[in-house]
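Colleague: got a predicted structure here, sequence first:
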Amino acid sequence: MTRFIISCALLCVATLFVGEVGSEKRSEALPVRGIHFSAPSKRDLPACIEFIREALPKEGVNTLILEFNYGYDYKSRPEFANPSALGKKEVRQIVKACREAGIELIPQINCLGHQSGGRHTGALLTKHPEFDETPGKYPENEGIYCRSYCPLHPEVHKVLFDLIDELTEACEAKSFHVGMDEVFIIGDKDCPRCRGKSPSELFAGEVKVLHDHLKKIGCRMWMWGDRFIDGKKTGIGKWDASENGTYPAVDKASKDIVICDWHYGKAYETPRFFAEKGFRVVACPWKSSSVALAQLERIRAIRSDKDKAVGGRGLGMVQTTWCGFGSFVKAYKALEKGEKEARSSASGSARCFRSLFEAIRRGK
């Protein structure tokens, strides 16, 4: 009788242990469980550090993409110095917090497109207007979504690479996100270097230049995937896919690039498109929990593919936020406390994030 009781007790303990291991395996099933933010301001840095140390590990996040662009106090190129933004000292605090929380930090600078927003032109083209793909055109950015730099300008990459190298070193990064989404101005007919060249040729060339430099400095390249998708053939359209001829570049890009496949209104089958093309891919939602959960199922379907090579390319999920870091943290904490939060981009993305990561942890 004693032996029977002991055996039962041991069986119960073993069952509990297996259950815990199984739960851990479910949470670890996705190699990438990430979130994307704009880099915090100095004012928001303490809240950022606390959020990295406490909230992100609890949610199961292991990857943090911080989009710095020109919100960093660069020293390698004095024209981009920004004392009001984070510098190396502050970024090293983020690096330390990430390391202790088991989170990979991936810095980002938007390359090619997104060199302006509304009437505001970003620092690259403000400091170096000669890099503009359309210099002198579209005063106050009237009539365009965002400016691009000219990928064939002979000096543009010297500047960009200095900034990338400095930011990579400060973040102790092994991966770097180059952006490259929503590129609408490319191969402009009035650009003396780009006119007459195909958008796919220009886009593929810029992807290669950035990839080769990052590989040289020991960094894996991450980028948004929308310009690689045929927006007309798929019916996805011109925003989260391409209708301006860049999509054939997908067949010229290095397969060791990680594709961030963002779609906010619907969960398309595009993660599988990228995986079958040979790329590692993460699906990226924003404010819709239903879309996020459907994207998670797309990734899981890839990972269970009978073709093990394809299955291994479905890396996981990256939640996007598109609001200030401080605003997101505030919205997240309000949801945690059950407080009523005003409808906003921050509250929508925080709600989506919580729903998505709960499903990831549960393996559902």
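Modeller: Perfect, I can see it now. Residues are numbered from 1 along each chain as shown.

Colleague: can you give me the helices for the protein?
Modeller: Assigned by DSSP state H, the chain shows helices spanning 2-28, 45-50, 56-59, 88-101, 123-127, 156-171, 199-216, 231-234, 270-277, 289-303, 308-311, 325-336, 345-362.

Colleague: and G235, how many neighbours does it have?
Modeller: One way to gauge burial is a neighbour count; for G235, by other CB atoms under 10 Å, it gives 9. In short, each C-beta sits where N, CA and C put it, glycine included.

Colleague: and it, how far from I299?
Modeller: The gap separating G235 from I299 is 22 Å, by CB to CB, to the nearest Å.

Colleague: got it, and D181?
Modeller: Counting by CB to CB - D181 and I299 are separated by 19 Å.

Colleague: the two: who's more crowded?
Modeller: I299 (26 against 19).

Colleague: spatially nearest residue to the more buried one, not counting backbone neighbours?
Modeller: Leaving aside its sequence neighbours, I299 sits nearest to G314 (CB to CB, 6 or more residues apart in numbering; 4.7 Å).

Colleague: next up, the contacts around that neighbour.
Modeller: Remark: with contacts taken as CB atoms under 8 Å, 6 or more residues apart in numbering, G314 is in contact with P271, A275, V281, I299, R300, A301, I302, R303, D305.

Colleague: with E166 instead?
Modeller: Shown in contact with E166 (CB under 8 Å, 6+ apart): Y74, K75, S76.

Colleague: closest to G338 out of those residues?
Modeller: Y74 (42.1 Å; CB to CB).

Colleague: go ahead and confirm that closest one touches F80.
Modeller: Yes: with contact defined as CB atoms under 8 Å, Y74 and F80 form a contacting pair (4.1 Å).

Colleague: common neighbours of the two, please.
Modeller: Counting by CB under 8 Å, 6+ apart, the contacts common to Y74 and F80 are L163.

Colleague: re the thing from before, what's the closest of the contacts of E166 to K330?
Modeller: Proximity of the contacts of E166 to K330 (CB to CB) peaks at Y74, which lies at 28.7 Å.

Colleague: let me know the pLDDT of that closest one.
Modeller: Per-residue confidence (pLDDT) for Y74: 98.

Colleague: same question for the one 3 residues further on.
Modeller: According to the predicted model, the pLDDT of R77 comes to 98.

Colleague: and for it, the neighbour number?
Modeller: With neighbours defined by other CB under 10 Å, the count for R77 comes to 16.

Colleague: and it, how far is that from K197?
Modeller: Counting by CB to CB, the gap from R77 to K197 is 28 Å.

Colleague: likewise Y247?
Modeller: Spatial separation of Y247 from K197 under the definition CB to CB is 16 Å.

Colleague: who's more crowded, those two?
Modeller: It is Y247, of Y247 and K197, that has more neighbours when counted by other CB under 10 Å, with 22 against 15.

Colleague: what is the burial count for the residue nearest to that one when sequence neighbours are not counted?
Modeller: Nearest non-adjacent residue to Y247, counting by CB to CB, 6+ apart: D230, 4.5 Å away. By other CB under 10 Å, 17 other residues sit near D230.

Colleague: from what I can see V156 touches L163, true?
Modeller: No: under the criterion of CB under 8 Å, V156 lies out of contact with L163, with a separation of 11.1 Å.

Colleague: is it true that A123 touches Y72?
Modeller: No: under the contact definition of CB under 8 Å, A123 does not touch Y72, with a separation of 10.2 Å.

Colleague: what sits in contact with each of those two?
Modeller: Each of F80 lies in contact with both A123 and Y72 under the rule CB under 8 Å, 6+ apart.

Colleague: what about the closest residue to A253 other than its chain neighbours, how many residues close to it?
Modeller: For A253, ignoring the flanking residues on the chain, the nearest one in space by CB to CB, 6+ apart is V207 at 5.1 Å. Using other CB under 10 Å, V207 has 26 neighbouring residues.

Colleague: and V207, how close does it get to E182?
Modeller: Using CB to CB, which is the criterion applied here, V207 is 15 Å from E182.

Colleague: got it, and P107?
Modeller: When distances are taken as CB to CB, P107 and E182 turn out to be 20 Å apart.

Colleague: more crowded one of the two?
Modeller: Summary of the neighbour comparison: P107 and E182, criterion other CB under 10 Å, with P107 having more neighbours (26 against 20).

Colleague: identify the bridge partners of that one.
Modeller: When bridges are called by DSSP bridges, P107 pairs up with L66.

Colleague: that older thread, so between A123 and Y72, which is more surrounded?
Modeller: The residue with more neighbours, out of A123 and Y72, is Y72; 25 against 17, by other CB under 10 Å.

Colleague: check contacts around G87.
Modeller: Applying CB under 8 Å, 6+ apart to G87 gives the contacts Y72, D73.

Colleague: and if we set it to 6 Å?
Modeller: D73 (CB atoms under 6 Å, 6 or more residues apart in numbering).

Colleague: what residue ranges in this structure score low on pLDDT?
Modeller: Where the chain drops to pLDDT under 70, the residues are 1-28, 364.

Colleague: kindly provide the distance from G205 to G136.
Modeller: When CB to CB is applied, the distance between G205 and G136 equals 24 Å.

Colleague: let me fix that: R33
Modeller: 46 Å.

Colleague: give me the more crowded residue out of those two.
Modeller: For R33 against G136, the residue with the higher neighbour count under other CB under 10 Å is R33, and the figures read 25 against 8.

Colleague: noted, bye for now.
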